[in-house]
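>>> After the sequence you'll find the predicted model.
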Amino acid sequence: MLSIIIPTLNEEKYLPKLLESIKNQSFRDYEIIVADANSKDKTRKISKKYRCKLIKGGSQARGINNGAKAAKYNTLLILDADSSLPKDFLKKNFNVFKKKNLEIASCYIRPRNAKINDELTHTLSNVYYFFNKRIRPFIPSFCFFIKKEFFFKVGCFNEKVPWLIDLDFSNKLPKKIKYDILPVHVELSIRMAQRLGRFKQARLMFLLGFLRFLRKNYYGKYEY
């Protein structure tokens, strides 16, 4: 009933924690698709160990798109490899998604092993998601549920966008969609803050919110 899609590239550090958190869910009716971009570490070996369906990936956008094409179920859950799921995340969120007959839904964030400024940054992000969910929702690519037919209807992810593909995807969503934020949060590592620096990360999040308001995209490169 649920196809979980994880785009990967050299994720041996984070992937086991995510796959273990999925394994420990009470909800069992799912498949896991790992769309791997020729990882040079143990990512593929780990995926096979957890009996994931391993397919060809590429960029993050291409990995997600390929995963959607390979999915056998009508509801997709897209996850970043450095995320992890709290207890009953799948059961509670999937039930709400189906009960409300949503086309797309996202989750609030809780950072793992975070410092105070990380907590503040992610709290502000959650506040932004809440206040804009009825006006101009932002769909973060690290965790969202979506109906498969709706995903293809809106044109999938743009594989020509080098980074921040979720901004481009959010900008092309129809004005009227069946969207909501689901009750159980997703846990996320703080690796972006560690790579970019916390000031750069906060500045980037502010920029994303501003560009989403203007319905403009970002074509800069991911440099750290």
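Great, that's in hand.

>>> what residue of the protein is the furthest out?
For the chain, the residue at maximal distance from the C-alpha centroid (CA atoms, centre = their mean) is residue 116, at 23.4 Å.

>>> List the contacts of that one.
Neighbour list for residue 116: empty [criterion: CB atoms under 8 Å, 6 or more residues apart in numbering]. Where you see a C-beta, it was placed from the backbone N, CA and C, and this is true even at glycine.

>>> now the strands for the chain?
2-8, 30-36, 53-56, 75-79, 83-84, 104-106, 109-111, 143-147, 179-181, 186-188 (DSSP state E).

>>> could you redo those strands as TSV and give each row mean pLDDT and mean neighbour count?
Listed next are the strands of the chain as TSV, based on pLDDT from 0 to 100; neighbours: other CB atoms under 10 Å:
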stretch	mean pLDDT	mean neighbour count
strand 2-8	98	25
strand 30-36	98	23
strand 53-56	98	16
strand 75-79	98	23
strand 83-84	98	22
strand 104-106	98	24
strand 109-111	95	18
strand 143-147	98	22
strand 179-181	98	18
strand 186-188	97	22
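
>>> Not including adjacent chain positions, what is the nearest residue to the residue nearest the centre of the chain?
For the chain, the residue nearest the mean C-alpha position is residue 142 (2.1 Å; CA atoms, centre = their mean). With sequence-adjacent residues excluded and distances taken as CB to CB, 6 or more residues apart in numbering, residue 142 is closest to residue 80, at 3.8 Å.

>>> Neighbours of that neighbour, how many?
Using other CB atoms under 10 Å, residue 80 has 21 neighbouring residues.

>>> One more: residue 20?
Quick note: residue 20 (other CB under 10 Å) scores 12 neighbours.
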